[in-house]
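Engineer: My questions are about this predicted structure, shown below with the sequence.
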Amino acid sequence: MPSCLAAAVHSQLIIKKSRFIGCVQPCAGRAEALAIVASLRSAHPGAVHVCWALMAGGQSAANDDGEPGGTAGRPMLEVLRHQDLEGVLATVVRYWGGVKLGAGGLVRAYTDAVAQALVGAEKVALTRQARLRCTLPYSLEGLLRREIEQAAGAALLDVQHGAQVEMLLSLPETAAAEFARRLDESGQGRIGWLRPD
């Protein structure tokens with residue numbers, strides 16, 4: 001099951017006088033990742049490279065930032081993939097120490113910086129969420145609100161009051177069918193299920 005991280009975690013390695021500052025953190029997509037990388041560049045003006053890897057579904061990417069091709073970003077991405085992480089950005093800021101590490105040494109340095117940060121990271125299991133949208137009479141609104149409060153992982157996202165009450169909620173995908181069945185029974189067929197937008 002894929003996981004995300006609860007918070008950012010840092011690491012630091014010194015290899016042949018080069019300093020590698022690693023960080024792994026939650027990140028929703030490429031725009032957020034690029035903003036984080038830009039802030040790292042301004043925070044570390046003396047660094048020679050700010051390499052990064054993002055594991056975020058269709059927005060996943062890796063960047064070597066001037067290191068020899070395939071020696072930084074791609075290996076960092078493989079560490080995230082191997083750990084089954086999703087929605088995570090790994091960055092490594094490198095300060096040059098004057099000694100060349102070679103392709104193998106660079107791959108080890110960048111993967112170790114990410115792996116060491118992940119050792120101290122708290123992982124949070126991701127559960128797929130389903131959205132349910134329904135209409136119901138005002139007399140059943142309290143019943144539905146109580147059911148949402150009691151269902152593990154359920155959240156009320158929106159409520160519209162018109163001729164009837166329309167509610168949008170989310171809950172774990174695995175619980176959605178049973179939740180709807182239970183409400184159909186307790187609502188005696190007066191809850192109408194709509195397609196969520």
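Structural biologist: Arrived safely.
Engineer: How is this protein partitioned into domains?
Structural biologist: 3-125, 129-194 (automatic domain parsing).
Engineer: For the shortest one, measure first residue to last.
Structural biologist: Domain 129-194 has an end-to-end distance of 17 Å (criterion: C-alpha to C-alpha, to the nearest Å).
Engineer: in the chain, what spans have low per-residue confidence?
Structural biologist: Scanning the chain for pLDDT under 70 picks out 197.
Engineer: So which residue is smack in the middle of the chain?
Structural biologist: Closest to where the C-alpha atoms of the chain average out (C-alpha atoms, centre = their mean) is Gly87, at 2.3 Å.
Engineer: isn't that residue right next to Ala33, touching?
Structural biologist: No. Using C-beta atoms under 8 Å, Gly87 makes no contact with Ala33, being 10.5 Å away. Heads up, the C-betas are built off the backbone N, CA and C, glycines and all.
Engineer: just to revisit the earlier point, just name the most buried of the domains of the chain.
Structural biologist: Among the domains of the chain, the stretch with the highest mean neighbour count (mean count of other C-beta atoms under 10 Å) is domain 3-125, at a mean of 18.
Engineer: so how far does that one reach from one end to the other?
Structural biologist: 4 Å.
Engineer: Check which helix or strand Leu124 maps to.
Structural biologist: If you look again at residue 124, you'll see it is Val, not Leu. In this structure, Val124 sits in strand 123-125 according to DSSP states H and E.
Engineer: And that strand, how far out from the chain middle?
Structural biologist: Relative to the mean C-alpha coordinate of its chain, strand 123-125 is positioned 10 Å out (C-alpha atoms, centre = their mean, to the nearest Å).
Engineer: Strand partners (parallel or antiparallel) of it?
Structural biologist: strand 3-5 (antiparallel) (DSSP bridges).
Engineer: for this structure, what spans make up the strands?
Structural biologist: Assigned by DSSP state E, the strands in the chain fall at 3-5, 9-15, 18-26, 49-55, 61-63, 88-95, 123-125, 129-136, 155-161, 165-172, 192-194.
Engineer: Now the residue nearest to the centre of the chain. Nearest residue, chain neighbours left out?
Structural biologist: Closest residue to Gly87 apart from its sequence neighbours, by C-beta to C-beta, 6 or more residues apart in numbering: Cys4 at 4.6 Å.
Engineer: can you tell me how far that neighbour sits from Gly46?
Structural biologist: 32 Å (C-beta to C-beta, to the nearest Å).
Engineer: And Arg146, by the same measure?
Structural biologist: Distance from Arg146 to Gly46, by C-beta to C-beta: 58 Å.
Engineer: can you check Arg81 too?
Structural biologist: When Arg81 is compared with Gly46 (using C-beta to C-beta), they lie 31 Å apart.
Engineer: Could you do Gly120 as well?
Structural biologist: 26 Å.
Engineer: ditto for Ile148
Structural biologist: Taken as C-beta to C-beta, the span from Ile148 to Gly46 is 52 Å.
Engineer: right, and Glu67 touches Cys51 too?
Structural biologist: Yes. With contacts counted by C-beta under 8 Å, Glu67 reaches Cys51, the gap being 6.2 Å.
Engineer: Thank you kindly, that will do.
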